[in-house]
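K.L.:
return a 3D structure for these sequence lines:
(chains A and B)
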Amino acid sequence: MTAPGFDELIHAPTRLSLVAFLAATGWADFAVLRDSVGLSDSALSKQLATLEDAGYVEIRKAFAGKRPRTSARLTPAGRTAFDGHVLALQQIVAGTAGRWPSPAGRPGSRSAASDGEPAPGAFHPDQRFPGQPGQG
Amino acid sequence: VNDQTEQIEPADAARALNEIGRRREQVIRRTAVPAWFYWASAVLNIAFTADTEFLHGALSWAGTALFAAGMLAVIGLQLRTVRGAPLRGDLVAPGAGPRVLASWAVFAAVLVGVTLAIKLSLEAARVPYPGMIATAVFTVVFVPGGLALTRYQTAVLVRRSGGRG
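P.N.:
You can find the predicted model right below:
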């Protein structure tokens, strides 16, 4: 079970698009990511490096014949952070933000109590809201 | 108090959730079978049938080889597109995968059944070019049917992934 946790690193618009795309796939080719999210090569490299430094993304460099092929995917930590971020966003939309003790995790992030249990009456991680996407 | 989440407006959070759903749907749609795949397969099948009905000997074998190479190229192109960012297996709710596979199986069974039945009936009635006529019917069913099937499967996957349907 993932605890809700707002993540500033993921919430930046470009990184949100990138992480949301990666959350729906496995290894994604650099070119596919670039074209799908609409970034330049350098901008995508920079965003991937930021996410890699945070431990959210794993980058693989291989060769397809003689052509270099770079791929990226979310790490388990990145997936957990993303799932927590989605739950936090759902909580904000539902108007129940801040109803459990904080925080834990890496600097800049917000998450549930260290024991992972929300306070009584708080949004439950398994709860879905009508018309909203579920966990990525 | 979770001060960070309090700084985010509900409208901003809703926009972010919408963007997340949009990206999920983007991954699903890019793995769907594209329209060109159905058209290319139909053209290759017509050419192959013409080859088997009108050509003989080495020319017929060359045509068969070209058909096989063409089909491999079409399938390879589609697989390469899918492999660029494959859909995560656990993205959709349980049941969606078997439903999509079942719809493919039913579609293939109907296509093969209808095409074979027409060809055998025409042969029995000694109608000329039974293969070409059966393949023409196959194409009329295959292309629009395939496109409709893809739309159905994509809708199922989007809906069962929790995204916007």
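K.L.:
for the most centrally placed residue in chain B, pull up the helix or strand it's in.
P.N.:
Nearest residue to the geometric centre of chain B (Cα atoms, centre = their mean): residue B:33, 3.7 Å. Assessed by DSSP states H and E, residue B:33 sits outside every helix and strand.
K.L.:
quick one, phi/psi of residue 85?
P.N.:
Reading this off chain A. The phi and psi values for residue A:85, taken as degrees, to the nearest 10, are phi -70, psi -40.
K.L.:
that's the wrong chain, I meant chain B
P.N.:
phi -160, psi 80.
K.L.:
one more: the one 4 residues further on?
P.N.:
In this entry, residue B:89 is assigned phi and psi values of phi -60, psi -40 (degrees, to the nearest 10).
K.L.:
quick one: residue B:26 and residue A:21 touch, right?
P.N.:
Yes. The pair residue B:26 / residue A:21 is scored as a contact, 6.7 Å apart, by Cβ atoms under 8 Å. All C-beta atoms are positioned from the backbone trio N, CA, C, and that covers glycine.
K.L.:
overlap of the contact sets of these two?
P.N.:
Shared contacts of residue B:26 and residue A:21 (Cβ atoms under 8 Å, 6 or more residues apart in numbering or on different chains): residue A:36.
K.L.:
show me what contacts the residue nearest to the centre of chain B?
P.N.:
B:78, B:146, B:150.
K.L.:
then residue B:23?
P.N.:
A:17, A:20-21, A:23-24.
K.L.:
for the helix or strand harbouring it, the averaged confidence score.
P.N.:
Following DSSP H and E, one finds residue B:23 within helix B:10-30. The pLDDT scores in helix B:10-30 average 94.
K.L.:
give me the distance from that helix to the chain's centre.
P.N.:
Distance, stretch centre to chain centre, for helix B:10-30: 25 Å (Cα atoms, centre = their mean, to the nearest Å).
K.L.:
mind listing what's buried along it?
P.N.:
Judged by neighbour count (16 or more other Cβ atoms under 10 Å in any protein chain shown), helix B:10-30 contains these buried residues: B:13-14, B:16-17, B:20-21, B:23-28, B:30.
K.L.:
then that helix to PDB, C-alphas only?
P.N.:
Listed in PDB are the C-alpha atoms of helix B:10-30, where the atom choice follows Å, rounded to 0.1, in the frame of the first residue of the first chain:
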ATOM      1  CA  PRO B  10      -7.400  21.900  -6.000                       C
ATOM      2  CA  ALA B  11      -7.700  23.200  -9.600                       C
ATOM      3  CA  ASP B  12      -4.000  22.800 -10.100                       C
ATOM      4  CA  ALA B  13      -4.100  19.300  -8.600                       C
ATOM      5  CA  ALA B  14      -7.000  18.400 -10.900                       C
ATOM      6  CA  ARG B  15      -5.000  19.600 -13.900                       C
ATOM      7  CA  ALA B  16      -2.000  17.500 -12.800                       C
ATOM      8  CA  LEU B  17      -4.300  14.400 -12.400                       C
ATOM      9  CA  ASN B  18      -5.700  15.200 -15.900                       C
ATOM     10  CA  GLU B  19      -2.200  15.300 -17.300                       C
ATOM     11  CA  ILE B  20      -1.300  12.000 -15.700                       C
ATOM     12  CA  GLY B  21      -4.400  10.400 -17.200                       C
ATOM     13  CA  ARG B  22      -3.600  11.900 -20.600                       C
ATOM     14  CA  ARG B  23      -0.100  10.500 -20.600                       C
ATOM     15  CA  ARG B  24      -1.400   7.100 -19.600                       C
ATOM     16  CA  GLU B  25      -3.900   7.200 -22.500                       C
ATOM     17  CA  GLN B  26      -1.100   8.300 -24.800                       C
ATOM     18  CA  VAL B  27       1.000   5.200 -24.000                       C
ATOM     19  CA  ILE B  28      -2.100   3.000 -24.500                       C
ATOM     20  CA  ARG B  29      -3.000   4.600 -27.900                       C
ATOM     21  CA  ARG B  30       0.600   4.400 -29.300                       C
END
